[in-house]
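Student: Here is a sequence together with a model predicted from it:
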Number of protein chains: 2
Amino acid sequence: MADEDLGALFGRVVRRLMHAEQPVLREHGVSMWAYAALSSLAERPATSQVALAKAIGYDKTRLIALLDELAREGLVVREPDPADRRAHVVRLTPAGKARHAAIRAGIHAVEAELLGPLSAAEQRAFRAMLTRLASS
Amino acid sequence: MADEDLGALFGRVVRRLMHAEQPVLREHGVSMWAYAALSSLAERPATSQVALAKAIGYDKTRLIALLDELAREGLVVREPDPADRRAHVVRLTPAGKARHAAIRAGIHAVEAELLGPLSAAEQRAFRAMLTRLASS
DNA sequence: TATTGTTATACTCTATAACTATA
DNA sequence: TATAGTTATAGAGTATAACAATA
């Protein structure tokens, strides 16, 4: 057990998290990437599709089919940007906002269970440090 | 920034870690999974290939080609288990041990840099909590 | 019957290049 | 010349089923 690599530790935790989240996502009929897109758009609309792709760390070419699907379900809309007619502003519809909120509730329950082994204070500290590592 | 999902935070950190580790792995001519296998075998030999696959969270059918490659390079050996003639014990050769130690040094340098934003005490606390989350 | 190592196959992801329309 | 959105294609990664040998 002597000093395991960070990569191995992260791998195990992330695999466990993804496994626990999958039933929630499937229940709401969305993929992990679809949820990532909905989350980003819930925070703020995207000024372009490339901007959205970058925000969630996804490929711009794969984002297209994803947005097609979300648009078909009426969860997002693509509006041409009057200022730059190449670009599409992407935003959530009311249905998209509602869907995101519902999924997010389920996801948060799963997260709480994953962090269960830590005390409340530890959970706050862990989250804070992880946030710093993610945005440094 | 309000209370981002754990999944998004982990995703960003892990992506950054993998990106930083890639040059180290490439320099030593191994894939991420090869390094995971070497690390597990450095800890202790595997009693069977399925055991190794489970230990590193990999698929047993994909592990075969990986071990073929590592064996071709003389880093691991597969020995038939006298007690169970279906199973192969997998262990590192001296060359495998040396290769693993060399890669590990590079990986640890990358990890130290990733954790740089945290103080030494925070790094210890973070690692300890991550270990608890990984093994609970 | 179940399990180990293996192969084969189908499927999903992912990366790359190229095209169009704008800028 | 560069960028946004898009499409097509090739390659890598993944999952599944099946098989022979052994338990």
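Tutor: Okay, I see it. Because the structure is predicted, anything quoted here is derived from the model rather than measured.
Student: what's the helix or strand encompassing residue A:132 packed up against?
Tutor: For residue A:132, the host element (DSSP states H and E) is helix A:120-135. Judged by 3 or more C-beta pairs under 8 Å, 6 or more residues apart in numbering or on different chains; DSSP states H and E, helix A:120-135 is in contact with helix B:6-27, helix B:120-135. Quick note: C-beta positions are derived from backbone N, CA and C, even for glycine.
Student: Looking at that helix now, give me its mean pLDDT.
Tutor: If you average the pLDDT over helix A:120-135, you get 97.
Student: what about it, distance to the chain center?
Tutor: Here helix A:120-135 is found 18 Å from its chain centre; the criterion is C-alpha atoms, centre = their mean, to the nearest Å.
Student: Also stretch A:60-72?
Tutor: Worked out by C-alpha atoms, centre = their mean, stretch A:60-72 lies 15 Å from the chain centre.
Student: Then stretch A:24-35?
Tutor: 10 Å.
Student: Give me the neighbour count for residue A:116.
Tutor: Residue A:116 has 11 neighbours, counted by other C-beta atoms under 10 Å in any protein chain shown.
Student: Looking at the residue nearest the centre of chain A now. What's its pLDDT?
Tutor: Nearest to the mean C-alpha position of chain A, by C-alpha atoms, centre = their mean, lies residue A:36 at 2.2 Å. pLDDT for residue A:36: 96.
Student: Which strand or helix spans it?
Tutor: Element membership for residue A:36 (DSSP H and E) is helix A:32-43.
Student: Next up, the contacts around the closest residue to the residue nearest to the centre of chain A other than its chain neighbours.
Tutor: Once flanking residues are discounted, residue A:36 sits nearest to residue A:56: 4.4 Å by C-beta to C-beta, 6 or more residues apart in numbering or on different chains. By C-beta atoms under 8 Å, 6 or more residues apart in numbering or on different chains, residue A:56 lies in contact with A:33, A:36, A:37, A:39, A:40, B:8.
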